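Trainee: The sequence and its predicted three-dimensional model are supplied below.
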Amino acid sequence: MSPATPAPESGGAALELLVHGVGGATPQDMLDDPRTVRVTGDRTAAVYRRAEDLDAEDHPERYAARPVPEAYCWSNLTSGDGARALWLLLLPFMVVNLAHWMRPPARRRPGLVRLYGVLVRLVALTLTVLLTAAACEVALDLTAWQCAATTGCADAHSWLGFLSADRGGWWSLPGRRLALAALVPTALVGLLWYLSNRTWSAYEAQRPPTGYDAPLPDRPGATPPTEPSGTEPSVTGPSGTTTPGTTTPGPLLPGVPSPGTRDSADQPSTPPPSDPGEPRPALGRPGFWYGRRLVARLRAAHTAAGFLTVAAALATATARHDATAPGPGALFGWALQAAVAVLAAVVLRVVCRRGRSERRLDLRVERALVTWLPGASLALLVLTALYACWSRPGWTSTGTLPGDAMFGALTLAQGGLVVALGVVALLLQRPRRDPRTALRGLGGPAVAMLACALGGVMSGGVAQRVADWLDGPATPGMGDAGPRIAPPVLLSWQASVIPVLLLLLLAPAALLAVRTVLAGRRLRAAVEADYPGDERDPVRTGQIADGRARASLTDSAPVLVGVISGATLLLGAGSVAGAWTSGNVPGRAFDGAHPALASLASATQALGSWMIGFGFLLFVTWGRRAYKDASARRTIGILWDVGTFWPRAAHPFAPPCYAERAVPDLTWRMSSWTRSTGGRLVISGHSQGSVLAAAAVWQLRPDTRRRVALLTYGSPLERLYGRWFPAYFGPEALRGLNRTVHCWSNLYRATDPIGGPVRVPAEEGRPAVDAGVLLDPVAYGRTREHPLPEPILGHSDYQADPAFADRRSALLDRLPPALPRQRGGNEPSDQGSSGRSSG
């Protein structure tokens with residue numbers, strides 16, 4: 001792999017900014033040199049150069065025939081220290097956050113767009129309540145209420161001895177046991193708040209770099225503008241020492257006015273000269289990558305919702321007993337429940353009232369709301385715990401806490417919200433349907449349903465596993481010998497539908513497998529036609545054809561997601577109906593039915609309980625391994641690379657958005673280099689790096705984009721992002737990107753399961769963005785140039801293909817020549833274009 005590419009002799013200074021994709025890459029691999037130097041950035045994300053290119057701007061004569069390569073490495077944003085393993089707990093929150101960004105494109109329908117956002121945020125809120133309710137179920141119901149009140153269970157677990165009802169200790173009263181056990185879900189909510197606040201401080205609370213994009217000089221002899229004032233960050237050299245003298249961006253985004261002036265985001269942004277009527281795309285808005293205010297609001301609301309869920313569990317159980325006994329306890333219990341309801345209404349209002357403010361840089365944070373709402377909820381929880389600790393002689397814990405009603409209401413609420421979300425998505429999609437859009441615009445509702453299913457599996461899994469651990473080999477609800485510790489009946493029903501769901505998935509999975517085999521056979525003729533003149537080898541032809549057929553499976557993902565989501569919705573509704581109508585677990589609900597049906601119900605309950613418990617153990621094991629093993633953590637980081645590209649717009653406890661750091665980094669680097677040198681720049685993005693590159697280009701000023709070319713390869717811009725996120729990467733957005741950037745070229749292979757064509761046709765004198773499909777492998781058999789068999793590369797090593805260097809050179813040829821670099825007193829003397837001190 002050689003980053004050096006021929007460039008026109010008269011073109012002047014040129015820079016290639018390489019951006020890696022999912023899974024990360026080292027700067028040594030990206031630059032094809034073991035000696036690399038970090039020229040700007042930190043250990044989390046940084047720009048690197050080869051050591052020999054460090055002073056490239058001072059010796060332009062050395063680079064007349066090739067661009068200066070730089071590598072932007074961002075993998076540590078998603079796979080850093082061991083604490084990232086805790087992000088596995090946030091998987092349902094990440095998935096529901098994706099649903100927010102999957103809405104169909106809509107113009108002049110702001111009401112439906114706002115309603116779509118409100119519905120997704122409400123689904124996200126139910127997931128927080130569900131996770132907290134599951135913790136309450138484990139700690140309050142299974143452990144403190146059932147196990148501590150059962151002699152056999154308390155004796156089998158000695159650590160519960162001080163809570164045992166038979167020992168008559170101070171903590172043996174049911175209310176006190178519940179109050180003590182409430183520390184577990186309260187600590188879980190506190191942990192979620194801590195993780196969200198920590199990442200908020202590192203991501204959303206960091207003001208994006210701005211002020212770097214002053215207009216470039218348009219004539220020779222013009223003086224480049226000086227750097228904006230700001231603090232001086234450190235730049236690490238080869239030895240790790242810090243070099244002062246570089247300046248940070250100022251406090252404003254490109255095109256955002258200073259305080260006291262009119263917000264230019266309320267008007268159309270200044271378009272590039274190539275298309276005066278081009279509106280500003282969503283990803284180019286000033287506040288798109290700055291979600292500080294919304295995340296702070298949602299974090300306060302979700303934290304309060306978690307505390308209120310614990311308070312409701314305590315107050316309901318205690319007030320239910322007090323309602324049967326004379327005294328002021330009943331009145332106080334009703335007052336606490338009313339207070340919980342009032343604060344819950346406030347939480348709903350906070351969640352529904354305001355969405356994202358993308359058209360301007362919103363620097364405000366409602367500190368009173370962010371502070372008092374979680375604080376008031378926690379104070380109410382403490383008051384409820386004190387109320388539960390009152391002495392109530394004669395109160396004994398029997399049966400289970402009223403968990404069925406809570407989990408049933410949550411399941412129905414989630415189903416109703418997903419259905420409503422689907423209706424809104426169809427209304428948004430109906431006026432302008434694009435056949436390439438995933439699930440015809442229903443991708444957001446389908447993914448929201450998957451988030452609810454993940455939350456249900458995690459909640460049910462931990463409850464089933466703890467119940468199995470407490471009562472030994474007994475099957476919950478089946479009356480087996482030993483302690484009878486049972487989770488809510490609904491959780492048993494939900495676990496029972498998992499085997500049914502897997503059986504339903506066998507049909508489309510088998511169909512896709514057969515179709516892939518048949519497609520591989522059909523593609524053999526096309527493979528042989530792509531390599532004319534070579535001696536035919538049936539084995540080699542089959543390998544290439546099968547690789548292309550397997551790569552096409554990515555395009556079938558919407559079918560599987562739709563089947564899983566639809567089946568989950570129907571089976572979830574059936575589980576609620578079965579639990580509420582029978583009041584028994586599936587194994588008991590069919591006692592009077594045909595023996596075959598009764599046996600099937602018992603088998604699905606046992607198998608589902610085992611599977612959900614096994615899934616929970618697998619989840620914990622995976623997280624533990626990721627915490628200790630950096631390679632496993634990097635594998636999980638690939639999932640975050642895709643899932644956390646988008647800002648936290650629906651759930652504040654989702655993993656943080658790394659693009660809120662990466663996109664400003666790239667934008668700053670492109671702007672500062674083109675301005676200080678007047679040179680040409682190619683930003684070259686592979687896989688997910690191409691998405692970051694496109695987002696960064698959208699943030700540039702039009703006069704900067706005149707000096708920037710975009711090269712994408714193995715890019716999911718249309719194949720994944722365009723289909724699943726049509727409002728932001730749909731056909732109109734990608735065509736607009738092609739019109740705004742000076743030139744753009746895209747490379748892809750038929751064997752690539754991730755990258756594909758961007759499908760932007762030639763228009764207005766611009767050629768089509770997609771190059772011809774690259775052959776993979778580059779040679780069919782052994783040749784003089786390739787004496788050994790070439791591998792099928794698929795998604796990797798695009799730079800090894802000769803077409804990559806040809807396209808990069810062609811893009812540099814199409815860029816305007818570099819502006820003369822000014823030397824003397826008018827040129828900023830404190831910063832070289834590489835980001836280092838030049839003095």
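Mentor: Okay, I see it. Numbering: from 1, shown residues only.
Trainee: which helix is the longest one in this structure?
Mentor: Secondary structure assigned by DSSP state H gives helix 489-530 as the longest helix of the chain.
Trainee: what is the mean pLDDT for that helix?
Mentor: If you average the pLDDT over helix 489-530, you get 92.
Trainee: Tell me the spacing between P374 and L343.
Mentor: 10 Å (Cβ to Cβ, to the nearest Å). For the C-beta atoms, the positions are set from N, CA and C on the backbone; glycine is no exception.
Trainee: so what's in contact with those two at the same time?
Mentor: In the contact map built from Cβ atoms under 8 Å, 6 or more residues apart in numbering, the residues linked to both P374 and L343 are A304.
Trainee: Pick out whichever of these two has more residues nearby.
Mentor: When P374 and L343 are compared for neighbours, P374 comes out ahead with 24 against 19, by other Cβ atoms under 10 Å.
Trainee: quick one: what helix or strand has that one in it?
Mentor: helix 367-388 (DSSP states H and E).
Trainee: buried sites along that helix?
Mentor: When neighbours are counted by 16 or more other Cβ atoms under 10 Å, the buried residues of helix 367-388 are found to be 369-370, 373-374, 376-378, 380-381, 383-385, 387-388.
Trainee: helix/strand/coil for the residue of the chain most remote from its centre?
Mentor: Seen from the C-alpha centroid of the chain, the residue lying at the greatest distance (Cα atoms, centre = their mean) is P326, 52.7 Å away. Using DSSP: H, G, I helix; E, B strand; the rest coil as the criterion, the local structure at P326 reads coil.
Trainee: From L173, how far off is it?
Mentor: Distance check for P326 against L173: by Cβ to Cβ, it reads 19 Å.
Trainee: ok, now R433?
Mentor: Separation of R433 from L173 (Cβ to Cβ) stands at 62 Å.
Trainee: Equivalent analysis for P655, please.
Mentor: Between P655 and L173 the computed distance is 41 Å (Cβ to Cβ).
Trainee: quick one, which of these two is more surrounded?
Mentor: For P655 against L173, the residue with the higher neighbour count under other Cβ under 10 Å is P655, and the figures read 26 against 22.
Trainee: Quick check, that one in contact with M94.
Mentor: Yes. Using Cβ atoms under 8 Å as the test, P655 is close enough to M94 to be in contact (5.5 Å).
Trainee: show me what contacts the residue lying closest to R707 once chain neighbours are set aside?
Mentor: Leaving out its chain neighbours, the residue that sits closest to R707 by Cβ to Cβ, 6 or more residues apart in numbering is T674, at 4.6 Å. Contacts here follow Cβ under 8 Å, 6+ apart; on that basis T674 touches 216, 680-681, 704, 707-708.
Trainee: before we move on, what about L774?
Mentor: Applying Cβ under 8 Å, 6+ apart to L774 gives the contacts 747-749, 798, 801, 803.
Trainee: Tabulate the residues you listed (CSV), appending secondary structure.
Mentor: Formatted as CSV, the entries for these read as follows, by three-state DSSP:
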residue, secondary structure
L747, strand
Y748, coil
R749, strand
Y798, helix
D801, coil
A803, helix
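Trainee: among these, which ones are buried?
Mentor: Judged by neighbour count, with 16+ other Cβ under 10 Å as the criterion, the buried members of these are 747-749, 798, 801, 803.
Trainee: Make JSON lines from these and add pLDDT to it.
Mentor: JSON lines is the format used below for those (pLDDT from 0 to 100):
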{"residue": "L747", "pLDDT": "97"}
{"residue": "Y748", "pLDDT": "97"}
{"residue": "R749", "pLDDT": "96"}
{"residue": "Y798", "pLDDT": "93"}
{"residue": "D801", "pLDDT": "91"}
{"residue": "A803", "pLDDT": "92"}
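Trainee: gap between the two ends of stretch 715-732?
Mentor: The first residue of stretch 715-732 is 17 Å away from its last residue (Cα to Cα, to the nearest Å).
Trainee: which residues are contacting that stretch?
Mentor: Counting by Cβ under 8 Å, 6+ apart, the neighbours of stretch 715-732 from elsewhere in the structure are 101-106, 281-283, 434, 436-438, 441, 443, 554-555, 558, 642, 685-688, 690-691, 694, 733-734, 746, 748, 754-759.
Trainee: Mind checking which of these land in helices?
Mentor: 101, 443, 558, 642, 688, 690-691, 694, 733-734.
Trainee: rewinding a little: are any of the contacts of stretch 715-732 buried, and if so which?
Mentor: The buried subset of these (16+ other Cβ under 10 Å) comprises 101-106, 281-283, 434, 437-438, 441, 443, 554, 558, 642, 685-688, 690-691, 694, 733-734, 746, 748, 754-759.
Trainee: Identify the residues contacting the closest residue to T26 other than its chain neighbours.
Mentor: Leaving aside its chain neighbours, T26 sits nearest to C73 (7.2 Å; criterion: Cβ to Cβ, 6+ apart). With contacts defined as Cβ under 8 Å, 6+ apart, the neighbours of C73 are 20, 24-27, 30, 45-46, 48.
Trainee: again, only using 10 Å
Mentor: Each residue near C73 by Cβ atoms under 10 Å, 6 or more residues apart in numbering is listed here: 18-20, 24-27, 29-30, 36, 38, 41, 43-48.
Trainee: Can you name the next helix or strand after the helix holding P374?
Mentor: Downstream of helix 367-388, the next assigned helix or strand under DSSP H and E is helix 403-429.
Trainee: chain center to stretch 723-734, what's the gap?
Mentor: 17 Å (Cα atoms, centre = their mean, to the nearest Å).
Trainee: Could you do stretch 323-341 as well?
Mentor: Taking mean C-alpha positions (Cα atoms, centre = their mean), stretch 323-341 and its chain are 42 Å apart.
Trainee: Tell me the buried residues in that stretch?
Mentor: With burial defined by 16+ other Cβ under 10 Å, the residues of stretch 323-341 counted as buried are 329-330, 332-333, 336-337, 339-340.
Trainee: Counting only helices, which of those make the cut?
Mentor: Using DSSP H, these in helices are 329-330, 332-333, 336-337, 339-340.
Trainee: would a markdown table of those with pLDDT and distance to T186 be doable?
Mentor: Conversion of those to a markdown table gives the following (pLDDT from 0 to 100; distance: Cβ to Cβ, whole Å):
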| residue | pLDDT | distance to T186 |
| --- | --- | --- |
| G329 | 76 | 23 |
| A330 | 83 | 25 |
| F332 | 90 | 21 |
| G333 | 89 | 20 |
| L336 | 94 | 16 |
| Q337 | 94 | 18 |
| A339 | 96 | 17 |
| V340 | 96 | 14 |
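Trainee: quick one: which of those residues is nearest to P110?
Mentor: In terms of Cβ to Cβ, no member of those lies closer to P110 than V340, at 34.0 Å.
Trainee: And the buried ones among the contacts of C73, selectable in PyMOL?
Mentor: The following PyMOL command selects only the buried members of the contacts of C73, with burial defined by 16+ other Cβ under 10 Å:
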select buried, resi 18+19+20+24+25+27+30+36+38+41+44+45+46+47+48
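Trainee: Out of the contacts of C73, list just those in strands.
Mentor: Helix and strand membership here follows DSSP state E; of the contacts of C73, those in strands are 18-19, 36, 38, 41, 46-48.
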